[in-house]
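Student: Here is the input, now give the coordinates:
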Amino acid sequence: QGAGSAEKLAIKSLSYFRNNFENISAHPLIQKLQTIIDLEMDENHILKETINYGIAFHHAKLPNIVKEGIEELISSGLIRILCATTTLAQGMNFPITTVLFDSLNVGGGSSSRELTNSEFWNIAGRAGRAYMDKEGHIIIKMLNSKRSTIDKTKSLIYDRTQTITSSLAKFFDELKEYNFNYELIKDNPAIQNFLQYINHILRVSYKYNLTNVDTSKIRNILETSLVFQESSYEEGFFETQEKFSNFSKRYIDSLKGKDTTRLTIADTLGITNISLETISGLTLNHIKNIKEIYGADRVSEYTNATQIILDSQSNDKLAPIVEIISRIPEIKLSLTGHGSFQAEQVAKLIISWVNGKKINDIADEIRYENESYEKILNMCYQYVNSTMTSFVPWGMSIYQQITNDKENEAENLPSYIYYGVNDFESLIFAKIGIPRSLVNNIKETYKKKYPTDLISIENIEIMRNKILNYSDTDFKLLNKNPHIVKSIIKSKL
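Tutor: Below is the predicted model:
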């Protein structure tokens, strides 16, 4: 039911099994993860204590490098109990004997929902280690009653398929008129993806020659989509496919006369043309307001994202830009579980992250007076490990395209945001695989050892090999065991 629950279960497991499980704190892989936690999180973090006894937790709010360390311990057979959220199902193949479901819900409070069948089987399917166990065990905690537990379990076992078209079918059933505007797409990812798909096909296959796109060609476009094919397996599929065709025809008609350059830009950026027009309008209004308040000569100072994030580092100037980006339907920038969207907090988080601050310090900066530090810290970890490495760089690149941002560092800004660095040389070291917490130290060491070397994309492989050949003394960084620091960096490289 969330990161907090996973951590509490791990702590409770530790209290039960501390005297029964061996203390493995001297193992090199345990010491390696201990050091990573010190560098990336907190020297007093509870995870350092639980892994000493082979107990860990795994969730989206942990830094990626920490999750990778936990996964390494699991693969090495050092973790006996793992308390995890549904992140367990995201592409990982752990050796697990028994999977115990504490709950069949995801999330908490108003956002709580039942696990989907695919989510359940992605996790449950990991029970039973290949070539080691004769069978795997799946245990589901009792629900409200024995009967409801049995019924739910049966539905999870026997109903393993889901209707791919359900969200679109519901949309079409509720659609009263064809107005292709912001209201149509803002809360409907299925429609966003569907319109993006049609626009992409019109660009690639028809070069936007829309006058010759008749009903049969629309059918050809749709038949290449999985969602249209899947509808043929559903009850009433003729009616559903007819709705798809009519909707698509109306949308294509709405594009006739549109600037094909703008349609191409929308397709390249991975958003609908409606989203592009929305953010363009909001950006023009922002520029107009800046001109009226500060004068035309100061527009760049308040609208140039690269200059604001890297130079002035002004939260007040970045917040309106964050607000604009948040209005792109495909982009989700809000802090999870934080109520209404707070552009000021997100702006502070972005600037602090890019300019090298630790997550603990960032959480302290953006926390409101009456907010729990632990709650904000968890939010920051989750934001940095998900939104900051997906939606923020994407949204910023869209905004830069619209504002024609061509500052010296402009093309690298989305990458700076992704890696949490603020200059080109640091970006190169981050791309090589150096953990963010060690980038500056490794960069300075490298420049002292190889002062004439060019730090560039072209030389990445040469640089990687030279770092791999560093001696232990070159890794005497941040008062940590150099041998362990070397092993951390080598595993990342």
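
Student: can you map out the strands along the stretch 51-200 of the chain?
Tutor: For the stretch 51-200 of the chain, the strands identified by DSSP state E, counting those that start in this stretch occupy 55-58, 81-84, 98-101, 105-106, 113-114, 137-140, in order along the chain.

Student: which residues sit against the second one?
Tutor: Among residues not part of strand 81-84, those counted as contacts by C-beta atoms under 8 Å, 6 or more residues apart in numbering are 5-7, 9-10, 13, 17, 54-59, 70, 74, 88, 94, 96. C-beta here means a position set from N, CA and C on the backbone, and glycine is covered the same way.

Student: average pLDDT for it?
Tutor: Averaging pLDDT along strand 81-84 gives 93.

Student: Give the pairing partners of that strand; include direction for each.
Tutor: strand 55-58 (parallel) (DSSP bridges).

Student: Same question for the fifth one.
Tutor: Strands flanking strand 113-114 in the sheet, each with its direction: strand 105-106 (antiparallel) (DSSP bridges).

Student: what's the most buried one of the strands of the stretch 51-200 of the chain?
Tutor: Greatest average neighbour count among these goes to strand 55-58 (a mean of 25), per mean count of other C-beta atoms under 10 Å.

Student: Could you check how far that one is from the centre of its chain?
Tutor: Computed by C-alpha atoms, centre = their mean, to the nearest Å, the chain-centroid distance of strand 55-58 equals 21 Å.

Student: Likewise for stretch 478-491?
Tutor: 27 Å.

Student: Also stretch 251-265?
Tutor: 30 Å.

Student: low pLDDT regions in the stretch 151-300 of the chain?
Tutor: Along the stretch 151-300 of the chain, the parts satisfying pLDDT under 70 run over 158-170, 215, 221, 223-238, 240.

Student: ChimeraX command for the buried members of the contacts of strand 81-84?
Tutor: The following ChimeraX selection, which keeps only the buried ones among those, applies the criterion 16 or more other C-beta atoms under 10 Å:
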select :5,6,7,9,10,13,54,55,56,57,58,59,70,74,88,94,96
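
Student: Filter the contacts of strand 81-84 down to the ones in helices?
Tutor: Assigned to helices by DSSP state H, the following of the contacts of strand 81-84 qualify: 5-7, 9-10, 13, 17, 70, 74.

Student: wait, which of those residues is closest to E174?
Tutor: Out of the ones in helices among the contacts of strand 81-84, the one with the shortest distance to E174 is S5. That distance is 35.1 Å, counting by C-beta to C-beta.

Student: I figured the closest one hits V106, correct?
Tutor: No. The pair S5 / V106 is not scored as a contact, 11.1 Å apart, by C-beta atoms under 8 Å.

Student: overlap in contacts of those two?
Tutor: Counting by C-beta under 8 Å, 6+ apart, the shared contacts of S5 and V106 are T85.

Student: still on that earlier bit, nearest to E177, of the ones in helices among the contacts of strand 81-84?
Tutor: Looking at the ones in helices among the contacts of strand 81-84 and their distance to E177, the nearest is S5, at 44.4 Å (C-beta to C-beta).

Student: got a list of what the closest one touches?
Tutor: For S5, the contacting residues are 83, 85, 102-103, by C-beta under 8 Å, 6+ apart.

Student: before we move on, which element is the closest residue to M396 other than its chain neighbours in?
Tutor: With C-beta to C-beta, 6 or more residues apart in numbering as the criterion, M396 has its nearest non-adjacent residue at 5.4 Å, and that residue is P414. When secondary structure is defined using DSSP states H and E, the element that contains P414 is helix 413-419.
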